[in-house]
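Participant: build the 3D model from these lines:
(4 chains)
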Number of protein chains: 4
Amino acid sequence: MKPIGLAVIGAGYWGPNLVRNAQATPTLRLEWLCDLDTDRARSVLGPYTTVRTTDSYEQVLADPNVAAVAIATPAATHFDLVRAALEAGKHVLVEKPLTPSSAEAAKLVDLAEEAGLTLMCDHTYCYTPAVRKIRELVHGGEIGEVQFVDSVRINLGLVQPDVDVLWDLAPHDLSILDFVLPQGMRPVAVAAQAADPIVAGRACVAYLTLWFAGETMAHVHVNWLSPTKIRTTVIGGSRRTIVWDDLNPQQRVSVHDRGVDLTPASRLAPDERRAALISYRVGDIQVPALPEREALRSVMEEFATAIHEGRPALTDGRAGLRVVRLLEAASRSIAAGGSKELVEGDS
Amino acid sequence: MKPIGLAVIGAGYWGPNLVRNAQATPTLRLEWLCDLDTDRARSVLGPYTTVRTTDSYEQVLADPNVAAVAIATPAATHFDLVRAALEAGKHVLVEKPLTPSSAEAAKLVDLAEEAGLTLMCDHTYCYTPAVRKIRELVHGGEIGEVQFVDSVRINLGLVQPDVDVLWDLAPHDLSILDFVLPQGMRPVAVAAQAADPIVAGRACVAYLTLWFAGETMAHVHVNWLSPTKIRTTVIGGSRRTIVWDDLNPQQRVSVHDRGVDLTPASRLAPDERRAALISYRVGDIQVPALPEREALRSVMEEFATAIHEGRPALTDGRAGLRVVRLLEAASRSIAAGGSKELVEGDS
Amino acid sequence: MKPIGLAVIGAGYWGPNLVRNAQATPTLRLEWLCDLDTDRARSVLGPYTTVRTTDSYEQVLADPNVAAVAIATPAATHFDLVRAALEAGKHVLVEKPLTPSSAEAAKLVDLAEEAGLTLMCDHTYCYTPAVRKIRELVHGGEIGEVQFVDSVRINLGLVQPDVDVLWDLAPHDLSILDFVLPQGMRPVAVAAQAADPIVAGRACVAYLTLWFAGETMAHVHVNWLSPTKIRTTVIGGSRRTIVWDDLNPQQRVSVHDRGVDLTPASRLAPDERRAALISYRVGDIQVPALPEREALRSVMEEFATAIHEGRPALTDGRAGLRVVRLLEAASRSIAAGGSKELVEGDS
Amino acid sequence: MKPIGLAVIGAGYWGPNLVRNAQATPTLRLEWLCDLDTDRARSVLGPYTTVRTTDSYEQVLADPNVAAVAIATPAATHFDLVRAALEAGKHVLVEKPLTPSSAEAAKLVDLAEEAGLTLMCDHTYCYTPAVRKIRELVHGGEIGEVQFVDSVRINLGLVQPDVDVLWDLAPHDLSILDFVLPQGMRPVAVAAQAADPIVAGRACVAYLTLWFAGETMAHVHVNWLSPTKIRTTVIGGSRRTIVWDDLNPQQRVSVHDRGVDLTPASRLAPDERRAALISYRVGDIQVPALPEREALRSVMEEFATAIHEGRPALTDGRAGLRVVRLLEAASRSIAAGGSKELVEGDS
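Facilitator: Residues are numbered from 1 along each chain as shown, chains lettered A, B, ... in the order given. Down below sits the predicted model:
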């Protein structure tokens, strides 16, 4: 298979990672690094490179050797850049969030599908060995029915100039949940609280509650002001509970046979029903071995393979659209003081 | 000072701890352990004791050697037992929550004040060396203005027969906040979300958001279903941030000189206002040495000293009442699907 | 079974723990707490007790209600106290080390065996759920052949007036190894290095190397000067490796399927022998669930049961003797500048 | 300053790191990557490079644009490669250990000094922000006099084909000690124990004891077979103790005001001398903020600056020679069953 010609758009915070991983992916051929600041682009590539830089997106899109673009620019520019790329017949990998508006995100999804082009969201965490293993465990029934989710992603983070902490960090948690939860399990409502205690002009701390059908609830805490770094997600199941601690490289994922079991009253004889129906499992913990592999390398390979095979990427535009819909509903809730907001489902 | 005659009421989960610590407190004289199940009471005392047991609360209250009672019975019984004790002229130490109803809690507070008796709530955590140090740091101005609070108290806990996880665990977090935050800083509104994913008949997971005047928000996560145990509270300040990890005995409290600073625009010349106003502090961490001391021992001493000096205990009935008001507002919010509920202030 | 009359000898550092656990053990009947300082003894028992105190060891030994003594006095007094008890026909539980001299320890072992009395060493750690599980795993073949052991027990500890750090802390590690390693696996030689960097007059830091038959080596690090507390033992096996971290209550024992495997050259065809024979296992970690139970409670029960059944205790005098022989050899090595010293085997 | 022309020799395990960091260092100009396997060299550079590869060391040394070489080949080749480079007038950066023989290492040091060329050892850890801070604390007197050192570097590591675990891992610990301890504080004797429990043909576990003048002792544990990864060094001082945990990115270095103090008897009145002279400090912990910076980048800059300024590098050939002398003495000790071996001092 001939390598796919690729241009990386944006040499800012994330662009250099795309450049490095694209260069290490044999199924891609990096043709351009495009940034309005070409000095910056050249500095990212370093002095020993054969890759070209440009500040002209038009030049990139006009280049017949470029079959795909990877876009790492501010979210506000995504819609125009992605649309232009799709209209020029290029496949697109785009950073999260897909766009700041679900209406625009939906248009891009439609556009890509009509044109038969790959539109992939760089939901990087979904490509970590840890999240892949969690998906495998959940989808394979290892933990039983999902009962609750709690996700914390806090750190002394950069206060972004264009987005609040919700749009900056929660896309990670929401895209991971979209990826690992059973297919039919989608949030139906959202509420969120946020604060801007340092008066930065945008929320720096946010709490997000997601309701699924039934009693299942997920909760996400994102925070730019925490002095300690925590990246932990707990997925409670009826049989087992998964704890993912991404900052513990020796034990990122552990599966706990601990929990509370309830004997359904319907299974009991009438005179037993008043008896204590609750029992506790305090069993072993299993820590599955995980390979060490940079997630972005797998993102690049998935992008190339999806293009090659003409199939949707694992984290396609529709996944990006679902994440944007949740973020929009959460923002509405914050604006309304924490109200429960319904989430638009897949059309 | 002659030791104060004490009876412990309730030989269940917490009563044995009261018995043990009362026996070790020279300013108290343990006279009775009272429980409807006297076998249980005798078993708690063990075979080598000179302390008497009884199943008659009347007998205890009628004993002139008993000047004070310590009540560790289910919350639903608190109102009647505390009222009877106060009416019998006894000082009272009572487990949290003071009562399940703020109206009843307020009556008990009034009753005690009218009778000139000590009514103290066993907000045990407030008497840990860690929380005392945190209070000292916050009140002393070490961390500047409080900007946010995040408290997590999760564990595979016992599903209580009479209360949900909110009323079981959140009193700890709420009484700690009541104790350590600056006096003027009281929550004005509350919202809460809860779930009962195992269909136990009561909430097993709950998230609580508290709003203070201004932009400050506190958040509490309590959970009976978590396979891992976490007891961590972060108190973010404008100068420093406190992290309290109660499960790390070598480093329970750490004070982080890390945070985001904002230069107020009003201090800048007009042409500077557009410039980046945000700067990051990434300074040292200080871990204050703490004594190792059982909190309940200090509770007992404070109870005896407050009685002796005729002053309110550090965690008096009013503190207990404030906690109950927050819990009530949170329960209203849960019932209303997460609405923001105002909190009744001190009268 | 009628409870066994017991006297605790010594109300110092460890005595109170013996008193508390003896009182909680139904198969024992605590008759006396004996200490030269009877005020101290009374203070240990507290003001509500029916247990008697005395400063007369003779009185204790003369009491026909006393069938057994538990001795928690300085090591230098053990020989005389244990001998007197055995000669008075009493069963004995004695703190570690059994005595400071293996010749004396051997005499006590002989004396007890001749008299048909139980002589048990309080090797407390052997009765923790963690060490019991480790013994079960090792003896059951779960980890294959033991390949190496590394044990670290460091802390800011009390500089003892009568013993150095080796005799204070290493008995824990050595008694644990004696307990968990396969029966035939006994150390044949020892070397040790020690230092007294604060010029306390006795070693405060010591390293101990034990050689077994074959290539297996064990190493012990004990230290009174470490600012951080570590209590970790690693037992490497040919199939699995056990890590015991006693300060991690959520995960004290973990069994790692990680290691280096070597294909024995003899199993290979001649032309394969030069090929790489090394492979790496990077498998899962298993964390067995353990009950929470105070070890000293189990010590008391084992003492009572061994007396009742007339069988040697799990950690009998012979185990205590083996530990003393290792300590003696280590002290000889330190005195000789770290020489390898042979260890006297079981007679 | 014109960049210094550099060739990297060896495209194996460590070479790629040298290549990457050399490319990122403006004061260096990477001219060649030289390896007997040029396919491997080309693969390390990747498909987008302008850097040339060769399998001819002669060609590299003959290139007048090459002023310096960085050698990352097996230790056994170091002597010949370094000598040839020095004889060709090139400055040299060489991986640890400098050579497997101190006699040869001394020759290289002399050769470099005679030729006025920079000979630098890549003691990478000395260039981490953590070790630099530790050196600053120790040299600045923050911890008082050094009393003991304990260093643990264990992991499931690659069993090397050419060196044992001592020569593979202990150079890190020994070079760090050489770097951070006060200048006058050099080991005078060494003892070591080692084992090869998997019969790999070379030691896989080793313990190293170093004696300094006076009572100070250092101990190093290196291990290829440990399932858990530990990289911790404790440096105990008379005033403070430093704990460096390299695997805790949030708190790599902490300074503990904890320890045992002894009042020298000479300062006491005669009748006080028998009294307890020991007291315990249980003070705060201070965690200094450290920058995040790749050590190898600083190695490259130091190499360039040392060449430019014509001064010895911070970790020069003499430092490398001292490390090799310690390793040799340790190997002698292992061969002799753990004897204490004197260490040759600086000439």
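
Participant: in the stretch 51-200 of chain A, what residue lies closest to chain D?
Facilitator: Going by Cβ to the nearest Cβ, chain D is nearest to A:Val51 of the stretch 51-200 of chain A, at 5.3 Å. Where C-beta positions appear, they are placed from N, C-alpha and C, glycine not excepted.

Participant: pretty sure A:Phe148 contacts B:Leu225?
Facilitator: Yes. Using Cβ atoms under 8 Å, A:Phe148 is in contact with B:Leu225, at 6.5 Å.

Participant: anything in contact with each of these two?
Facilitator: Contact criterion Cβ atoms under 8 Å, 6 or more residues apart in numbering or on different chains; residues shared by A:Phe148 and B:Leu225: A:Gly236, B:Pro197, B:Val205.

Participant: the first one pairs with what?
Facilitator: Applying DSSP bridges to A:Gly236 gives these bridge partners: A:Phe148, A:Thr241.

Participant: that older thread, show the pLDDT at the residue of the stretch 51-200 of chain A closest to chain D.
Facilitator: On pLDDT, A:Val51 comes in at 98.

Participant: again with A:Leu268
Facilitator: 56.

Participant: circling back to that earlier point, out of the shared contacts of A:Phe148 and B:Leu225, who's the most crowded?
Facilitator: Most neighbours among the shared contacts of A:Phe148 and B:Leu225, by other Cβ atoms under 10 Å in any protein chain shown: A:Gly236, with 29 neighbours.

Participant: that residue and B:Pro100, how far apart?
Facilitator: Separation of A:Gly236 from B:Pro100 (Cβ to Cβ, to the nearest Å) stands at 28 Å.

Participant: wait, is A:Leu111 part of a helix?
Facilitator: Yes. With DSSP: H, G, I helix; E, B strand; the rest coil as the criterion, A:Leu111 is located in a helix.

Participant: pLDDT score for it?
Facilitator: At A:Leu111, the pLDDT recorded in the model is 98.

Participant: which parts of the stretch 201-347 of chain A are helices?
Facilitator: Along the stretch 201-347 of chain A, the segments classed as helices by DSSP state H, counting those that start in this stretch run A:295-309, A:317-335.

Participant: kindly present these as JSON lines, with separate columns for mean neighbour count.
Facilitator: Shown next, in JSON lines, are these (neighbours: other Cβ atoms under 10 Å in any protein chain shown):
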{"stretch": "helix A:295-309", "mean neighbour count": "20"}
{"stretch": "helix A:317-335", "mean neighbour count": "23"}
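
Participant: could those helices go into a markdown table alongside mean pLDDT?
Facilitator: Listed next are the helices of the stretch 201-347 of chain A as a markdown table, based on pLDDT from 0 to 100:
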| stretch | mean pLDDT |
| --- | --- |
| helix A:295-309 | 98 |
| helix A:317-335 | 98 |
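
Participant: out of those helices, which is closest to chain C?
Facilitator: Here helix A:295-309 is closest among the helices of the stretch 201-347 of chain A (Cβ to the nearest Cβ), at 19.0 Å.

Participant: what comes into contact with that closest one?
Facilitator: A:1, A:3-4, A:17-18, A:21-22, A:24-25, A:27-28, A:67-68, A:70, A:91, A:93, A:118, A:120, A:122, A:124-128, A:312-316.

Participant: hmm, try it at 6 Å
Facilitator: Contact partners of helix A:295-309, identified using Cβ atoms under 6 Å, 6 or more residues apart in numbering or on different chains, comprise A:4, A:17, A:21-22, A:25, A:27-28, A:91, A:93, A:118, A:120, A:122, A:124, A:127-128, A:313-314.

Participant: likewise for stretch A:177-194?
Facilitator: So stretch A:177-194 is contacted by A:126, A:134-135, A:138, A:203, A:206-212, A:319, A:322, A:326, A:329-330, A:333-334, A:338, A:340-343, B:209, B:338 (Cβ under 6 Å, 6+ apart).

Participant: could you identify the buried members of these?
Facilitator: Among these, those classed as buried by 16 or more other Cβ atoms under 10 Å in any protein chain shown are A:126, A:134-135, A:138, A:203, A:206-212, A:319, A:322, A:326, A:329-330, A:333-334, A:338, A:340-341, A:343, B:209, B:338.

Participant: out of those residues, list just those in strands.
Facilitator: Applying DSSP state E to these, the entries found in strands are A:Ala206, A:Tyr207, A:Leu208, A:Thr209, A:Leu210, A:Trp211, A:Glu341, B:Thr209.
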